[in-house]
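*Asks:* Okay, predicted coordinates and the sequence, questions at the end:
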Amino acid sequence: MARAFAPVAAEIDHYLATHQRKSLLRFITCGSVDDGKSTLIGRLLYESKLLFEDQLAALEADSRKMGTQGDGLDFALLLDGLTAEREQGITIDVAYRYFATDRRKYIVADTPGHEQYTRNMVTGASTADVAVLIVDARKGALTQTRRHSYLVSLLGIRKILVAVNKMDLVEYAEAPFRAITAEYGDFAARIGLDDVTFIPVSALKGDNVVAKSAHMPWHRGPTLMGYLESVAIDEERLQKAPFRLPVQWVNRPHHDFRGFAGTIASGTIHTGERVRVQPSGRESTIARIVTADGDLAQAIAGQSITLTLTDEIDISRGDLISTASAPPEVADQFEATIIWMADEPMLPGRPYLLKIGARTVNAQIGDLKYKVNVNSLEHVAAKTLALNEIGVCNLSLDHPVAFDVYKDNRDTGAFIFIDRVSNNTVGAGLLEFALRRAHNIHIQALDLNKGVRAQLKGQKSCVLWLTGLSGAGKSTIANLVEKKLHALGRHTYLLDGDNIRHGLNKDLGFTDVDRVENIRRVAEVAKLMVDAGLIVITAFISPFRAERRMARELMDAAEFIEIFVDTPLAMAEQRDSKGLYKKARQGELKNFTGIDSPYEVPEHAEIHVETTRLAADAAADLIVRELGRRGVIGTVV
C-alpha cells in the first residue's frame, strides 16, 4: 500500500516545492465608487477557474438572495463580505484574497472607492507592488480616481494598470477608451507615473479579463490576467537595500539567552557581521541568527528571526538594528507628507502619538506648509487638514528615532498618528528628510536647576492650571490666589488668558487651530517659569483635554495641578459682563466655547472648584490650603 501512494506523495512534494518557488505579486484594485472593482476581481477568479466548488455554490446562493445581476452571478459578492457592503452594493473595508496560477502567487487587496473610506485604500496600498485602477468607460477619470492615483504615486507604487471597465455599456467602442487613455496619461505623467498600461475590459461579461475579447479586436495589448502574470517586479529590491531589523520583542526565555526578535524589513545579514543599534549608536557583532527551524548562517528581507549579539548592550522594543557600514539616520525633527484619516481635523500644535515601526513617541505637528489639491495638483495654503486630505508639514518628536527616507525604504520611512485620548489611528505619514536643525541644535547643560532656584525661594515650583468656561471666574480666583501667596511671601506669576492675547498671542484667533497654538505657547512659557522656581498660575479656558494633557506632560510629576473651575453654562452667561455669550448666541462671535465650540470637562483634575457652592475668596483659600497639603508652600492653617 505504501508503494502505491509513493508516486502520489512524490507528486505532491514536487507541486509544493514548485509552488514555494513561485514569485509573489501583491496588488490592489482602486478607483471611484461603482466602477466595478470587486466585480472585476470576482470575474478574474471565476474565469481563471480558481474557485472551489463550495465557493461557487455559495456565490450562486448569495447571487439569488442579494445579487444585482438578475439570474446571473454577482461576482462582487466574492469580495464584499460585510452585510453593509452587500446591502449597499459597495466596498467598505479592504478585502484581501489569496490565489495562485501556474506562474505566480497573488495577494489582492480590493479597496473601497467611497471618499470617506480613502484611509482603507491607503492601508491596502501600503504593501502593494502593482495598482489596478478601475475607470468607468462612461464617466472617465473622476476626483476619487485622481485621489487614488496620487496616493498610489505617493506610496511608491510604480506599476499601474488602468482597467477601463464597463466597455459593454459603450458598445465596445474604441473612442471612449482612447479619450480616457489620453486624459489619464497626461495626469499620470504630472504625478510621476510613467509605467502605465491601459486595458479595455468588461468585468460583467468577462471581456479581456482572462481571454481576449472578440468584441474589441482593435485592442492588441494584454488581458488583465496576462498583465498580472507577466508584469516585471524587482523581487530582490528589498534584499539589495541596507539591512534593517525593527526590534519587536526582547526574547529572554531564561537567564542564559537574550535575543532580539523581529521581521527583517530590508537587506541581508550574516553571522559575524558588525551591526549598529539606533538611536543609541552602540555597535556589536552577530553571534547567532535564530529561527523556529534552527540557526541560520544568513537571513534575508521578509524572514522573522531572533538575533543574539556577542556584547551585552541595551536594546529595547522599537530600536532599529542595521549593519554598521550603512546605518539609518537618527533625528527628532522632520519634513513629512501626511494623509489625514480622521473625521476630526488635524490641528497643528496638538500632541499626537507617532508610531514608526515598533517605536512610539510623542509628536507635535508644526504649521502646515501646504495641502495638495488632488485634481489640479496645486499646493494650497491651509492651516489644517480634513478627512482624506494630503499635506506637507514639519514634525517635532520628544525623542529621536531611527529612520530612512520613505522613497528608500517603506517600512522604516512610514509612520502613523494615534490620538492620545481615543487611541484611534488618525493619520499616516511619509518621512521626506530630517530638518537640519535636528542635527545642529542641542540642549545646553546648565549647572543650576529649578530645584535650587525654588529652594532659594522657600517653595516648590509648579503650575496651577485653572480651566473652565468663559465667565466661570477663573481670572478672579487666580488673582485672589496670587494675592494670598504673595502675602505668604511666595514667588508667583499669573498668566491670564486675556492679557496673553494682548502680547505673546495677539496674532491668534479663536479657531480650533489657534486655540491649540495658544495653549501650546502658554504651556511652554509656564514650563520656563517653573524652571525659574516660580509658582505659576494660569487662567485659560483651555477647552481641549489633549492640550491640557500636553501642558501636563511638559512638567515633571506633581508639578502640574489642574484646577477645574466648574460653573454651569447658564450661570456663566448671567455673569457675562463683556456680553460675549450674547454675541455668540446672535452669531456675531464664532467658535465661542460652550456655544458653537466644545468644552471638554477635565476627567481627573487635582482640585475641583464648584462655584455654585463656593465664593471666589473661599475657592482661593481652598487652593492655597491644597498647596500647603502638597508641600508646595509649607503647611497653611
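*Replies:* That came in fine, so what should we check first? This is a predicted model, so every value here is computed, not measured.

*Asks:* Next one: residue 356 from residue 489, what distance?
*Replies:* In this view, residue 356 and residue 489 are 49 Å apart by C-beta to C-beta, to the nearest Å. All C-beta spots, glycine's among them, are computed from the backbone N, C-alpha and C.

*Asks:* Mind telling me what element the spatially closest residue to residue 393 that is not a sequence neighbour is part of?
*Replies:* Nearest residue to residue 393 in three dimensions, chain neighbours excluded: residue 368, at 4.8 Å (C-beta to C-beta, 6 or more residues apart in numbering). According to DSSP states H and E, residue 368 maps onto strand 359-372.

*Asks:* could you say what helices and strands the helix or strand just after that strand packs with?
*Replies:* Going down the chain from strand 359-372, the next helix or strand is strand 379-380, by DSSP H and E. Applying 3 or more C-beta pairs under 8 Å, 6 or more residues apart in numbering; DSSP states H and E, we find strand 379-380 packed against strand 359-372.

*Asks:* again, 6 Å this time
*Replies:* Packing contacts for strand 379-380, counted by 3 or more C-beta pairs under 6 Å, 6 or more residues apart in numbering; DSSP states H and E, involve no helix or strand.

*Asks:* Are there helices or strands packed against whatever helix or strand comes next after it, and which ones?
*Replies:* Downstream of strand 379-380, the first helix or strand assigned by DSSP H and E is strand 390-403. When contacts are defined as 3+ C-beta pairs under 6 Å, 6+ apart, strand 390-403 packs onto strand 329-340, strand 359-372.

*Asks:* Can you tell me which of those strands is nearest to residue 564?
*Replies:* Closest to residue 564 of the helices and strands packed on strand 390-403 is strand 359-372 (C-beta to C-beta; 24.1 Å).

*Asks:* Would you mark the buried spots in that closest one?
*Replies:* 359-361, 363-366, 368, 371-372 (16 or more other C-beta atoms under 10 Å).

*Asks:* next one: stretch 619-636
*Replies:* For stretch 619-636, burial by neighbour count (16+ other C-beta under 10 Å) applies to 619-624, 626-627, 632-633.

*Asks:* what sits up against that stretch?
*Replies:* Applying C-beta atoms under 6 Å, 6 or more residues apart in numbering, the external contacts of stretch 619-636 come out as 459-460, 462, 477, 480-481, 484, 490, 607, 609.

*Asks:* try 8 Å
*Replies:* For stretch 619-636, contacts defined as C-beta atoms under 8 Å, 6 or more residues apart in numbering pick out 458-460, 462, 464, 473, 477, 480-481, 484-485, 488, 490, 535, 558, 561, 563, 565, 606-607, 609, 611, 614.

*Asks:* pretty sure the residue nearest to residue 393 is touching residue 394, no?
*Replies:* No. In this structure, residue 368 is not within contact of residue 394 by C-beta atoms under 8 Å, at 9.2 Å.

*Asks:* Out of the contacts of stretch 619-636, list just those in helices.
*Replies:* Within those, residues falling in helices by DSSP state H are 477, 480-481, 484-485.

*Asks:* Which pair of these spans the longest distance?
*Replies:* Spatially, the most separated pair among these is 477 and 485, at 12.5 Å (C-beta to C-beta).

*Asks:* And these two? Which one has more around it.
*Replies:* residue 477 (28 against 24; other C-beta atoms under 10 Å).

*Asks:* hang on, the earlier thing: sheet partners, orientation included, of the strand holding residue 368?
*Replies:* strand 351-356 (antiparallel), strand 379-380 (antiparallel), strand 390-403 (antiparallel) (DSSP bridges).

*Asks:* before we move on, back to that, got a list of what the residue nearest to residue 393 touches?
*Replies:* Residues in contact with residue 368 (C-beta under 8 Å, 6+ apart) are 346, 348, 382-385, 391-393.

*Asks:* can you pull the pLDDT of it?
*Replies:* Looking at residue 368, its pLDDT reads 90.

*Asks:* What of the one 5 residues further on?
*Replies:* Residue 373 carries a pLDDT score of 88 in this model.

*Asks:* Equivalent analysis for residue 503, please.
*Replies:* Here the pLDDT value assigned to residue 503 is 87.

*Asks:* Assign a three-state SS to it, would you?
*Replies:* coil (DSSP: H, G, I helix; E, B strand; the rest coil).

*Asks:* now do residue 176
*Replies:* Taking three-state DSSP, the label given to residue 176 is helix.

*Asks:* Isn't it up against residue 137?
*Replies:* Yes. Counting by C-beta under 8 Å, residue 176 does reach residue 137; the two are 5.1 Å apart.

*Asks:* tell me, what's touching the two both at once?
*Replies:* Here residue 176 and residue 137 have 164, 167, 170 as joint contacts, going by C-beta under 8 Å, 6+ apart.

*Asks:* In this structure residue 126 contacts residue 415, no?
*Replies:* No. Residue 126 is not in contact with residue 415 according to C-beta under 8 Å; the separation is 11.4 Å.

*Asks:* my guess is residue 530 meets residue 460, correct?
*Replies:* No. Residue 530 lies out of contact with residue 460 (C-beta under 8 Å); the separation is 9.7 Å.

*Asks:* Between the two, tell me which one has more neighbours.
*Replies:* Shown here are residue 530 and residue 460; by other C-beta under 10 Å, residue 530 has more neighbours (23 against 20).

*Asks:* so who does the more buried one touch?
*Replies:* Residue 530 touches 450, 461-463, 536, 555, 559, counting by C-beta under 8 Å, 6+ apart.

*Asks:* Select from these every entry located in strands.
*Replies:* Of the contacts of residue 530, the ones assigned to strands by DSSP state E are 462-463, 536.

*Asks:* Extract the C-alpha trace of stretch 134-151 and format it as PDB.
*Replies:* The C-alpha atoms that make up stretch 134-151 are tabulated as PDB, following Å, rounded to 0.1, in the frame of the first residue of the first chain:
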ATOM      1  CA  ILE A 134     -10.600  50.800 -12.400                       C
ATOM      2  CA  VAL A 135     -12.200  53.600 -14.500                       C
ATOM      3  CA  ASP A 136     -15.800  53.600 -15.800                       C
ATOM      4  CA  ALA A 137     -15.800  53.900 -19.600                       C
ATOM      5  CA  ARG A 138     -18.800  56.100 -19.400                       C
ATOM      6  CA  LYS A 139     -17.500  58.600 -16.800                       C
ATOM      7  CA  GLY A 140     -13.800  58.700 -17.300                       C
ATOM      8  CA  ALA A 141     -11.400  59.700 -14.500                       C
ATOM      9  CA  LEU A 142     -13.200  61.200 -11.600                       C
ATOM     10  CA  THR A 143     -11.900  63.100  -8.500                       C
ATOM     11  CA  GLN A 144     -11.600  59.800  -6.500                       C
ATOM     12  CA  THR A 145      -9.700  58.300  -9.400                       C
ATOM     13  CA  ARG A 146      -7.200  61.100  -9.200                       C
ATOM     14  CA  ARG A 147      -7.000  60.900  -5.400                       C
ATOM     15  CA  HIS A 148      -6.300  57.200  -5.500                       C
ATOM     16  CA  SER A 149      -3.700  57.700  -8.300                       C
ATOM     17  CA  TYR A 150      -1.900  60.400  -6.300                       C
ATOM     18  CA  LEU A 151      -1.900  58.200  -3.200                       C
END
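
*Asks:* the more surrounded of residue 176 and residue 137?
*Replies:* Taking other C-beta under 10 Å, residue 176 and residue 137 do not tie; residue 137 has more neighbours (25 against 21).

*Asks:* Show the pLDDT at residue 176.
*Replies:* pLDDT, residue 176: 95.

*Asks:* Figure out the length between the terminal residues of stretch 529-544.
*Replies:* 23 Å (C-alpha to C-alpha, to the nearest Å).

*Asks:* Can you mark which positions in that stretch are buried?
*Replies:* Neighbour counts over stretch 529-544 (16+ other C-beta under 10 Å) mark 529-531, 533-544 as buried.

*Asks:* quick revisit: mutual contacts of residue 126 and residue 415, please.
*Replies:* Joint contacts of residue 126 and residue 415 (C-beta under 8 Å, 6+ apart) are residue 428.
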